[in-house]
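*Asks:* need a structure here:
(one chain, ligands or ions: 2)
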Amino acid sequence: MRRTHDAIPPLFDLSAEAKESCNMIHSPSFLGYTRLGAETTAARTDIREYPDHPGAQALVEEYMTKIDELAQKFVHLVAECLSLPADTFDDFKGKMSRLKFVKYPASAPDSQGVGPHKDSAGLFTFLSQDNIGGLQVLNKNGEWIDVPPVDGSLVINIQQGFEAITGGVCAATTHRVIAPTSQTRYSIPYFLGVRLDLTLDELKESAAHIVRRIPAADDRKKRAVDVPSEFLSPLYACVR
Ligand SMILES: O=C(O)CCC(=O)C(=O)O
Ligand SMILES: [Fe+2]
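*Replies:* Ligands and ions are numbered 1, 2, ... in the order given. The predicted model follows:
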């Protein structure tokens, strides 16, 4: 993790042409570079960028192999915490996991690094942040709380895919980043994906099974201020 953090700043120092050459708009799979200010969350511009450069390939592959081993173990532990067999979620995993390097340049006070959101279709996000801070999560009472950096640690967020698989019992983590004001912040999120051919019926079967076993959380205060969960919303195809 440390080696990867050390390698990130020079990647962002590449020329604008080098970064634009791998812009995600050129990629059929929507993977690649996103320039500063190109993203909007909750109707505000996000002040961050992320590159994907061939020079980083070996490092990315090593990081992904190691973090994926950890992710597999973690998913087993979560199943056990829910009093389910360790392999309960194995069949949901696929080959759609993604790694991102993110840079948040120093900005005016109260700028949005990334606005309030829940990570999308996967199971969990394994996030390594540097020592600058700015990450916040929405707690059960609907209050934003800081997630202070702890050297050598990962922050693990529940994604909307896992929320749907558990019928909403394991709510997706609403989080945001307040942009830094005096130093650049870097982070490395790894998004553990679900398999692409997961069907709605499989999802519903799992959700019904899990909802039967685990009592629902009382999170009314959080829901009053939260952002929507796409896969649980009747507006989206996952709920008929
Ligand atoms: O940079 C961070 O700490 C969070 C990044 C994030 O939430 C995302 O890219 O989805
Ligand atoms: Fe996120």
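*Asks:* point out the residues in this protein that sit beside ligand 1.
*Replies:* 100, 102, 114, 119, 127, 129, 135, 175, 177, 187, 189 (CB under 6 Å from any ligand atom). In short, each C-beta sits where N, CA and C put it, glycine included.
*Asks:* for the buried ones among these, write the corresponding PyMOL selection.
*Replies:* Applying 16 or more other CB atoms under 10 Å to these leaves a buried subset, and the PyMOL line that selects it is:
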select buried, resi 100+102+114+119+127+129+135+175+177+187+189
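*Asks:* make JSON lines from the residues of the chain next to ligand 1 and add secondary structure and pLDDT to it.
*Replies:* Putting the residues of the chain next to ligand 1 into JSON lines (DSSP: H, G, I helix; E, B strand; the rest coil; pLDDT from 0 to 100) gives the following:
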{"residue": "100", "secondary structure": "coil", "pLDDT": "91"}
{"residue": "102", "secondary structure": "strand", "pLDDT": "94"}
{"residue": "114", "secondary structure": "strand", "pLDDT": "96"}
{"residue": "119", "secondary structure": "coil", "pLDDT": "96"}
{"residue": "127", "secondary structure": "strand", "pLDDT": "98"}
{"residue": "129", "secondary structure": "strand", "pLDDT": "97"}
{"residue": "135", "secondary structure": "strand", "pLDDT": "98"}
{"residue": "175", "secondary structure": "strand", "pLDDT": "98"}
{"residue": "177", "secondary structure": "strand", "pLDDT": "98"}
{"residue": "187", "secondary structure": "strand", "pLDDT": "97"}
{"residue": "189", "secondary structure": "strand", "pLDDT": "97"}
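*Asks:* residue 94: which of the residues of the chain next to ligand 1 is nearest?
*Replies:* Closest approach between the residues of the chain next to ligand 1 and residue 94, by CB to CB: residue 119, at 15.5 Å.
*Asks:* in this structure that closest one contacts residue 125, no?
*Replies:* Yes: the criterion here is CB atoms under 8 Å, and residue 119 meets it with residue 125 at 4.8 Å.
*Asks:* pull out the buried residues from stretch 203-215.
*Replies:* Buried residues in stretch 203-215, defined by neighbour count with 16+ other CB under 10 Å: 203-204, 206-207, 210.
*Asks:* fine by me, we can end here.
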